[in-house]
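Student: Could you work out the structure for the sequence below:
(4 chains)
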Protein chains: 2
Amino acid sequence: MRQDPPPPSPTLEDVARAAGVSRATVSRVVNGVRNVDSAIQEAVRQAITATGYVPNRAARSLVTRRTGSVALVVSGAGDEGAGALGGGGGSGFFPVQVFTDPFFGRVVGGIVGFLRPRGLHPVLMFAETPETRAQVLTALRQGDADGAVLVSTHAEDPLPRLLAEAKLPAVLFARPADPVPISYVDVDHRAGAKLAADHLVARGSKHVVTISGPLDVPASQARLAGFRDAMAAHGHPFVPCAEGGFTYHSGEQAMERLLAEHPGLDGVFVANDLMAQGALLVLRHHGRAVPGDVAVVGFDDSSAATACRPPLTTVRHPVEDMAAEMARLLLEHIEQPGHRPTSIIFDPTLVIRDSS
Amino acid sequence: MRQDPPPPSPTLEDVARAAGVSRATVSRVVNGVRNVDSAIQEAVRQAITATGYVPNRAARSLVTRRTGSVALVVSGAGDEGAGALGGGGGSGFFPVQVFTDPFFGRVVGGIVGFLRPRGLHPVLMFAETPETRAQVLTALRQGDADGAVLVSTHAEDPLPRLLAEAKLPAVLFARPADPVPISYVDVDHRAGAKLAADHLVARGSKHVVTISGPLDVPASQARLAGFRDAMAAHGHPFVPCAEGGFTYHSGEQAMERLLAEHPGLDGVFVANDLMAQGALLVLRHHGRAVPGDVAVVGFDDSSAATACRPPLTTVRHPVEDMAAEMARLLLEHIEQPGHRPTSIIFDPTLVIRDSS
DNA sequence: ATGAAAGCGCTAACAA
DNA sequence: TTGTTAGCGCTTTCAT
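Tutor: This next block holds a predicted model:
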């Protein structure tokens, strides 16, 4: 018993024949080019539904020199070398950690939200090693995608520069640590930190501390500096800080340290919600009521913020909007290859819940 | 001032000329076909590096009728209709919730771990509505990908059937609720639940309850049934159950209910780690020591399991291995279009930590 | 406004 | 073992 060969899917030619016109005309209708008689247009449309025609991407791509898809690159995933994939098939290294961070889900949501109405689907790529970075560049060159939106998880990521040098259309989430002529979207971290400072002071906190993100990341620096500046403006020139790594556990550890060194603290600004979640748990362990004894403000307004007990007052990072803008900007760059690097900065807002 | 037209990237023709051979020979070398004189092979390789040649995917695809990429489809994302994307650009609906679940990250990790060494990158697609499902099918038909690995988040997902009817190569994560002639990988849920039951009983729990997943999901049913059967075999024919929704919050709520109805409980099997995390918090609120007063066993061994206090004893769901197998199986289906639907079942293991 | 025809870069018969 | 050649399905001048 042998297999039925799959029926070849209809081509432009088939539609043309069915409609009694030429391939060119069908192509015009499919691509929405005007200058087509409306009666013919109608005939063509009918032929298209009748035949069940769908355009062949490869053929189109070959002549337009556009793939019509974009890469979503997660770079420097932090899990680098953490483990080989066990089990059955061949394996490799893979970055799981990123996904644990609710932040990443929001980025994907924003990108997909923008792309999908346009019939585009992102190609997912990860790059943590020199080889995988090379793989990303090769993939883009050979036409896996027309350009990339890039989310870096650490500061010294060389990929933005590589992308810029290869003149591949790309947009980053967040400003690169080193100056690279490349487009990016970012949030005004300093302004967000100021929002937190103003709120803590207004609530009456007198002994305020902060848990920062990793200080080699520009965003962490900006949040810390912005917070300290704002606190200074309120008459609190010295704000103790413990550095974390944006993870749940690092938030716990940082909070332990701060509590040990500053038992009198009554307010904490934590540079992201995940660490704040950890901090909250530690505060509870130590019998400090939140917000009664200690007021806590997070950053991001991620899903962690509402999963916390108590729900977290936090600075809302408009991640979805930023991600959507990233996609929009990338498409613009793909359209106009000479487009100059552009940066777009979003304003954060304060979301007040129960933790302060 | 006008733009430099981008330099056209080298083609097979260019390489052939540089190496002094024909296109066909270069093609053979590129594709690793034997029957090429090794001296010529070397010459061609040099010409390739010299010219910086990379094969054009579209051209290759057009003739091989293969795209060389696979879709990763998340279907029935649960967030359906949750909200329009705000902000700047056009918007749409998008599924963020999935990403919050550490489970999904592991699936992606497994798939990427398998695909990447083979130079493949998954195309990410979401389908929650009839329109987006149609979009997925269209995308597959027009050659966005050669097939799909599918993760459904709810039971009545119609996509598996649509895929099967369209005869598109596809592999599911988990057995579909309705019988559909389609390949899938799954874990032996009953065996996992038995592991949990045996452990709880061996630890001396006498009043055991369970928090199940949504009972319209086959996996939830199997875990519950397997757990009850095993407990019955240990002489505990009645195990109270509260149904949850696999989310953190639903875990809290279910635990509250169980505590209210069965204050004497001293052991809980929770059908996933995320709910177990919620349950743990509720137990603490009620002053129940874990594992002293109540022993807790989760399911999945997700990152939530180690983020818990205390770290969770849990049934390890070999998600990464399963996801890798899913990718492998899909590639097999793509190779051999007539391949019959296949199911592969993995064995879970018990990971003992501090919660029981 | 429509059609004819020339490729886009590649693979795969088929010839040599 | 290597080369020649014929398309894959589409867009896009260029005629008409």
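
Student: Show me chain A divided up by domain.
Tutor: Domain assignment of chain A by automatic domain parsing yields the ranges A:12-64, A:69-186+A:319-345, A:189-316.

Student: Does chain B have contacts with the last one?
Tutor: Pointing back at domain A:189-316 there. Yes - Domain A:189-316 is in contact with chain B by Cβ under 8 Å from any Cβ of the partner chain, via A:248-249, A:281, A:303, A:307, A:309. Heads up, the C-betas are built off the backbone N, CA and C, glycines and all.

Student: What segments of the stretch 1-150 of chain A are strands?
Tutor: Along the stretch 1-150 of chain A, the stretches classed as strands by DSSP state E, counting those that start in this stretch are A:71-75, A:123-127, A:148-152.

Student: With respect to chain B, which of those lies nearest?
Tutor: Judged by Cβ to the nearest Cβ, the one of the strands of the stretch 1-150 of chain A that comes nearest to chain B is strand A:123-127, at 5.0 Å.

Student: Could you confirm A:Val296 falls within a strand?
Tutor: Yes - under DSSP: H, G, I helix; E, B strand; the rest coil, A:Val296 sits within a strand.

Student: Identify the residue spatially nearest to it, adjacent ones excluded.
Tutor: Nearest residue to A:Val296, sequence neighbours excluded (Cβ to Cβ, 6 or more residues apart in numbering or on different chains): A:Ser355, at 4.2 Å.

Student: Serialize the strands of the stretch 1-150 of chain A to JSON lines and add fields for distance to A:Pro214, mean pLDDT and mean neighbour count.
Tutor: Shown next, in JSON lines, are the strands of the stretch 1-150 of chain A (distance: least, Cβ to Cβ, whole Å; pLDDT from 0 to 100; neighbours: other Cβ atoms under 10 Å in any protein chain shown):
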{"stretch": "strand A:71-75", "distance to A:Pro214": "16", "mean pLDDT": "94", "mean neighbour count": "26"}
{"stretch": "strand A:123-127", "distance to A:Pro214": "19", "mean pLDDT": "94", "mean neighbour count": "24"}
{"stretch": "strand A:148-152", "distance to A:Pro214": "12", "mean pLDDT": "95", "mean neighbour count": "26"}
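
Student: I'd like these laid out as TSV, including distance to DNA strand D.
Tutor: Output for these, formatted as TSV (distance: least, Cβ to the nearest atom of the strand, whole Å):
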stretch	distance to DNA strand D
strand A:71-75	22
strand A:123-127	20
strand A:148-152	23
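
Student: And the ones you listed: which comes nearest B:Ser220?
Tutor: Taking Cβ to Cβ, strand A:123-127 is the member of the strands of the stretch 1-150 of chain A nearest to B:Ser220, at 28.6 Å.

Student: A:Asp101 and A:Ala170, how far apart?
Tutor: When distance is defined by Cβ to Cβ, to the nearest Å, A:Asp101 is 22 Å away from A:Ala170.

Student: more crowded one of those two?
Tutor: Shown here are A:Asp101 and A:Ala170; by other Cβ atoms under 10 Å in any protein chain shown, A:Ala170 has more neighbours (29 against 24).

Student: Quick one: residues contacting the more buried one.
Tutor: Counting by Cβ atoms under 8 Å, 6 or more residues apart in numbering or on different chains, A:Ala170 touches A:147-150, A:160, A:163-164, A:182-183, A:330, A:333.

Student: Give the closest residue to it in space, chain neighbours not counted.
Tutor: Nearest residue to A:Ala170, sequence neighbours excluded (Cβ to Cβ, 6+ apart): A:Leu163, at 4.3 Å.

Student: roughly how far is the helix or strand that neighbour falls within from the heart of the chain?
Tutor: Counting by DSSP states H and E, the element that carries A:Leu163 is helix A:159-165. Distance of helix A:159-165 from its chain centroid, counting by Cα atoms, centre = their mean, to the nearest Å, is 18 Å.

Student: can I get the CA coordinates of it in CSV?
Tutor: Extracted in CSV, the C-alpha atoms of helix A:159-165 (Å, rounded to 0.1, in the frame of the first residue of the first chain):
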residue,chain,number,x,y,z
LEU,A,159,25.2,41.1,19.4
PRO,A,160,23.9,44.7,19.0
ARG,A,161,27.2,45.8,17.6
LEU,A,162,27.5,42.8,15.3
LEU,A,163,24.0,43.5,14.0
ALA,A,164,24.9,47.1,13.4
GLU,A,165,28.1,46.3,11.6
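
Student: pLDDT (mean, whole number) over it?
Tutor: Per-residue pLDDT over helix A:159-165 has a mean of 95.

Student: quick revisit: for ChimeraX, write a command that selects the buried ones of the residues of domain A:189-316 next to chain B.
Tutor: In ChimeraX, a selection of the buried entries from those looks like this (16 or more other Cβ atoms under 10 Å in any protein chain shown):
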select /A:248,281,303,307
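
Student: if you look at the residues of domain A:189-316 next to chain B, which of them are in helices?
Tutor: The helices, defined by DSSP state H, take in A:248-249, A:281, A:303, A:307 from the residues of domain A:189-316 next to chain B.

Student: Most widely separated two among those residues?
Tutor: Within these, two members stand farthest from each other by Cβ to Cβ: A:His249 and A:Ser303, at 18.0 Å.

Student: How many neighbouring residues does the closest residue to DNA strand D within the stretch 201-350 of chain A have?
Tutor: Minimum separation of the stretch 201-350 of chain A from DNA strand D (Cβ to the nearest atom of the strand) falls at A:Glu335, amounting to 12.8 Å. Using other Cβ under 10 Å, A:Glu335 has 11 other residues around it.

Student: quick one, phi psi at A:Gly32?
Tutor: Torsion angles at A:Gly32 (phi, psi; degrees, to the nearest 10) stand at phi 70, psi 30.
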